[in-house]
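1. Next one to model:
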Amino acid sequence: MTRAQGSVLVLFGLLLVLLWLVPEVPLLGFAAVLLATALRAGADPLAARTGLPGWAAVLIVAALVAGALMLAAWAAAAPLAEQARQLAESLPKSLEALRGQMAGTVWGDWLLRQAEPGRLLGGGGVEGAATAAARAAGSTLGGLGNLALVVLVALYLAAQPAGYLSGLRSLFDPRLDGRVQATLAEAGETLRGWLLGQAFGMLVVGLLTWLGLWALGVPLAGLLATIIGLLNFIPILGPLIGGIPAVLLALTEGPVLALWVAGLIFAVQVVEGNFLTPMVQAETADLPPALLLLVQVLTGALFGLLGVALAAPLSAVGLVLARRAYVEGWLGREPP
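-> Next up is the predicted model:
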């Protein structure tokens, strides 16, 4: 084994140790890299056209994005809040209707027994509910802290990426400088392509779902479409999870409408996943669906919800690293 190969193995081993001891830290770091990539995607054209330094362009883009999000939240707060209130009132009715349809069947009775509050709370009754509420509050506060950390680290990375990339390259054997630089550049382009495809997909999925739900006469179409569109950031699993409230709400109107809603969500996903997003991502981050689903299951089992959310961009970068470092660098093969 050469020194160059040894340097790669040492860094890979350190990464595995980090994932074993503090798995959340590398994942949050990758989330910051993902956000920094998105900021640079907007800042680079701005800097090229205006002559601004990179850090100034990043701050302007970040301010514009934050302002746009605040404006959108202000404009949509009232109608979405009202629809959220109606959804909170309607979902229990939908669940009760579903319970009534399931009761009396063997599989339905078994599922209802598994969903009893005592089982879901671990048999702790009121104390179990209080413990669950405390854990949920702690998770929410921890999530807000993690979000602030990701945003802050992303701003630092996006403002001066060259210094951090240079430091990362210095950890490898000097003979690998050219290969490492090319690999990092390709990984960055891959992340940009993936982000562009997902942003386009989220917008299209939300719009098509809203139009379909509105045409079907489903109540709260705007809120339900927003949920599905946002969760489309997580390929495959996200829209399926986001579609559950829509199907449950449609059950209050009848099982036929629920089937139409499920068919609509499936059809939109087929169009988005097989035609629209691959067309935008082209060859930069076109992930095989079977591989992506397996990675989502694996990262979800190992790292929880954060692992599922980052499974797709992790897979995209992982494919680049596997081809460059293992197939080409270690095995000496030509990439397929």
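
2. Pull stretch 257-269 out as PDB, backbone CA atoms only.
-> Taking C-alpha atoms only, stretch 257-269 is exported to PDB below (Å, rounded to 0.1, in the frame of the first residue of the first chain):
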ATOM      1  CA  LEU A 257     -62.000  10.400  -3.400                       C
ATOM      2  CA  ALA A 258     -59.200   9.000  -1.200                       C
ATOM      3  CA  LEU A 259     -58.300   6.700  -4.000                       C
ATOM      4  CA  TRP A 260     -58.300   9.600  -6.500                       C
ATOM      5  CA  VAL A 261     -56.000  11.600  -4.200                       C
ATOM      6  CA  ALA A 262     -53.600   8.700  -3.800                       C
ATOM      7  CA  GLY A 263     -53.600   8.200  -7.600                       C
ATOM      8  CA  LEU A 264     -52.900  11.900  -8.100                       C
ATOM      9  CA  ILE A 265     -50.000  11.900  -5.700                       C
ATOM     10  CA  PHE A 266     -48.500   8.800  -7.400                       C
ATOM     11  CA  ALA A 267     -49.000  10.200 -10.900                       C
ATOM     12  CA  VAL A 268     -47.300  13.500  -9.900                       C
ATOM     13  CA  GLN A 269     -44.400  11.600  -8.500                       C
END
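
3. That one: which residues count as buried?
-> 257-258, 260-262, 264-265, 268-269 (16 or more other Cβ atoms under 10 Å). (Glycine included, C-beta is placed from N, CA and C.)

4. between these, which is closest to A154?
-> Of all the buried residues of stretch 257-269, Q269 has the smallest distance to A154: 29.1 Å, by Cβ to Cβ.

5. Where does the prediction get shaky in the stretch 151-300 of the chain?
-> Across the stretch 151-300 of the chain, residues meeting the criterion (pLDDT under 70) sit at 278, 280-286.

6. For it, which segments count as helices?
-> Per DSSP state H, counting those that start in this stretch, the stretch 151-300 of the chain carries helices over the ranges 161-169, 177-216, 221-231, 237-251, 255-271, 277-281, 289-303.

7. how far out from the middle of the chain is the second one?
-> It refers to helix 177-216. Distance, stretch centre to chain centre, for helix 177-216: 11 Å (Cα atoms, centre = their mean, to the nearest Å).

8. And for stretch 263-274?
-> Distance, centroid of stretch 263-274 to centroid of chain: 18 Å (Cα atoms, centre = their mean).

9. swap in stretch 292-307?
-> That offset, for stretch 292-307, works out to 11 Å (Cα atoms, centre = their mean).

10. any idea how far L216 is from L224?
-> Distance, L216 to L224, using Cβ to Cβ, to the nearest Å: 11 Å.
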